[in-house]
Each structure stands twice: as structure tokens, then as C-alpha cells.
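[1] coordinates only, sequence not included:
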């Protein structure tokens, strides 16, 4: 495999060598604007490498490099299968003329350079030290699919908790300003917005990314919203709410959701489940009818939950 890896690095270096441009006499003026370089592999490069040289009065442009490194990760996504001893990446070093000087085969577990390959095909071998038990364990923990999935779930929980904390603060501010009235029940909460305003809009549009200024219309309640809230509260009181539920009565018309909307929201660690949030808009369809449609979806979800 080492011969194949070495050959790949050499081919990568040769392919990265720039084609010679036609000889021209150009005049340039230096500018300090930095430019972003994408390496020949298209994966990763060292960004601290040069300045853009240009003359704004003439169409003459040149790029001066102080050198950069381009990286290739041939075993990306397969690290755990190859293991800490055999998973390597390639580092291609370029000089100030954007020409490849040499490439290195680097062991990913400890960043040790195993070989250095030159464009003329010559190379140097380096004897690697044995990986420590900790280095092997750290590598396996980093690339083990089970551990990766676990970290992703933990990060998702963290994001949801932070989001929930922000939402709770916004709600408390709206309640304090009498823009929202709160009704707490057994495993459910009803948020009744008293009127349409920018703060109200930010709340529910921030909570549901598909609700925005483009698909909503500010519209004051043209019915007894307190009566509607009481009817919904009565239904929820007489239902076993197994999955935490929030219901928001919103004084905005939303053309994209004529029947209201229900979505998953924040994670509940103590119950190992998500909560559901029903949004009821001031649409042509009465909120009571919207609630029946969305609450039936909730009840179907409850049947799936064990």
C-alpha cells in the first residue's frame, strides 16, 4: 500500500504544477488585499500565503505567493476502518511561484511525516515512533462511528437547550410586557398573544424558520381569542398529554399554513423526548378548526411514542 500511496502523492504533485503562461512584459503595483487560495485537491489549504498585486489603472494582474500548503485526505470517512497506524493524509508544499516543491505522507494519529516525495520521483523515508496507547485510543474515539453519532446527539441537545433558554427569556419578556398571556396545564402550555407587533413576530418567526415577513400579514384578532383559548384549554385538560405540548395563538395571518402548523421543538433530557409546538394563525380558517387538525396530528404522534 505504501508504494500506491507514494505514487498517488507524486501524481498529485505533478498534476498541481502550473502550466507555463505565454511570455509577457507586465508592469505591476502592489496591493495588500489578501486572496483565498483553493488547493489542487479542492479540500483544504493554508490561507496565510500571499498578496494580490494589481494596477488599478491598467488590466495587469499578478499574484505573489509566499508559499502555502495544500492537504488531501484520501481516507476521509474511512479512518476507523483503516485504523491509527495506516490512516494518512498528504501535504503538498508550494513555493512563491505556485510550484510544488515536495509532498509529505503524514500519519494522521500523531502528525508524523512518514515520507517526503519530490516532483522528480525521489523520496525520503522516516522511521515513525510507535503510537502510544493514548494516541490510538484518541484516534479511535475520534473516528468511531458510534462515538461520532453520540457526539452529534450531544451537540444537538446542547443547541436545543441553548435555544430553549433563549426562547424562555423572550417569552418571559413578552409576558412581562403583557404581550403574551400564559396558561399552564399538565404537560402543556398555551401562549396567547394579545396583539400583533414586531416583538410578537420575532418570537414565533424565530421559533419556526419557515414563518417570515414574506408569508405573514399583521392582523388583529376579529374574534374572542380568550374564548378560543379556554376551549382549547378544556380539550387539553381532558386529554392525557404524553408528549410535552405548546400551543401558540398568533395574531398574524400566514398564507403558507392556512390550517396552522405543528413542529418538533426542544429536547427534554429528563423524558428523553422532544416536545411538540402547535402554531395557530389568525387565518380564514377559524383557530378552533386549525387546532382540531393539528391536535389530531399530535394524537397520532402520541400513539407512535412508547
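    Structure's in. What do you need? These numbers were taken from a predicted model, which means no experiment stands behind them.
[2] can I assume residue 110 sits in a helix?
    No - if the criterion is DSSP: H, G, I helix; E, B strand; the rest coil, then residue 110 is coil and not within a helix.
[3] While we're on the nearest residue to it once chain neighbours are set aside, how confident is the model there?
    Leaving aside its sequence neighbours, residue 110 sits nearest to residue 135 (C-beta to C-beta, 6 or more residues apart in numbering; 5.5 Å). (C-beta placed from N, C-alpha, C; glycine too.) Listed pLDDT for residue 135 reads 94.
[4] Same check on residue 294?
    96.
[5] Quick check: it touching residue 263?
    No - the pair residue 294 / residue 263 is not scored as a contact, 9.9 Å apart, by C-beta atoms under 8 Å.
[6] Have a look at these two and say which one is more surrounded.
    residue 294 (21 against 14; other C-beta atoms under 10 Å).
[7] and residue 181, how far is that from residue 189?
    Distance, residue 181 to residue 189, using C-beta to C-beta, to the nearest Å: 11 Å.
[8] What of residue 98?
    61 Å.
[9] Just the strands from the stretch 51-200 of the chain, written as ranges.
    Remark: strands assigned in the stretch 51-200 of the chain by DSSP state E, counting those that start in this stretch are 60-65, 68-72, 88-94, 100-107, 112-117, 123-125, 180-185, 188-193.
[10] Make a markdown table out of the ones you listed and add mean pLDDT.
    Formatted as a markdown table, the strands of the stretch 51-200 of the chain follow (pLDDT from 0 to 100):
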| stretch | mean pLDDT |
| --- | --- |
| strand 60-65 | 53 |
| strand 68-72 | 90 |
| strand 88-94 | 92 |
| strand 100-107 | 92 |
| strand 112-117 | 93 |
| strand 123-125 | 90 |
| strand 180-185 | 90 |
| strand 188-193 | 92 |
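[11] Turn these into TSV, columns for mean neighbour count.
    Formatted as TSV, these follow (neighbours: other C-beta atoms under 10 Å):
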stretch	mean neighbour count
strand 60-65	14
strand 68-72	19
strand 88-94	21
strand 100-107	20
strand 112-117	18
strand 123-125	13
strand 180-185	15
strand 188-193	21
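[12] Reformat these as a markdown table; add distance to residue 156.
    Putting the strands of the stretch 51-200 of the chain into a markdown table (distance: least, C-beta to C-beta, whole Å) gives the following:
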| stretch | distance to residue 156 |
| --- | --- |
| strand 60-65 | 41 |
| strand 68-72 | 28 |
| strand 88-94 | 28 |
| strand 100-107 | 32 |
| strand 112-117 | 34 |
| strand 123-125 | 44 |
| strand 180-185 | 27 |
| strand 188-193 | 23 |
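[13] wait, which of those is closest to residue 148?
    Each of the strands of the stretch 51-200 of the chain has some distance to residue 148 by C-beta to C-beta; the shortest is strand 88-94, at 18.2 Å.
[14] Pairing partners for the closest one, with directions?
    In the sheet, strand 88-94 lines up against strand 68-72 (antiparallel), strand 100-107 (antiparallel) (DSSP bridges).
[15] From the chain's centroid, how far away is that strand?
    27 Å (C-alpha atoms, centre = their mean, to the nearest Å).
[16] Begin at 298, not 1, for the rest of this chat.
    Shifting the count to begin at 298 puts that one at strand 385-391.
[17] orientation of it relative to strand 409-414 in degrees?
    Relative orientation of strand 385-391 versus strand 409-414 (axes from the mean of the first three to the mean of the last three C-alpha atoms, to 10 degrees): 50 degrees.
[18] Run through who's touching stretch 494-502.
    The contact list for stretch 494-502, computed with C-beta atoms under 8 Å, 6 or more residues apart in numbering, reads 464, 467-468, 470-471, 474, 476-477, 490, 508-510, 513, 515, 545, 547-549, 576.
[19] Can you point out the buried residues in it?
    For stretch 494-502, the neighbour count (16 or more other C-beta atoms under 10 Å) marks 497-498, 500-502 as buried.
[20] again, but for stretch 592-603
    Buried-residue list, stretch 592-603, by 16+ other C-beta under 10 Å: 592, 595, 598.
[21] re earlier: hang on, isn't the residue nearest to residue 407 packed against residue 405?
    No - between residue 432 and residue 405 there is no contact under C-beta under 8 Å: 10.4 Å.
[22] Of those two, which one has the most company?
    residue 405 (18 against 15).
[23] Now the more buried one: closest residue in space that isn't a chain neighbour?
    residue 384 (4.6 Å).
[24] contacting residues for the one you found?
    372, 376, 404-406, 436, 440.
[25] Kindly report the same for residue 512.
    Counting by C-beta under 8 Å, 6+ apart, residue 512 touches 551-553.
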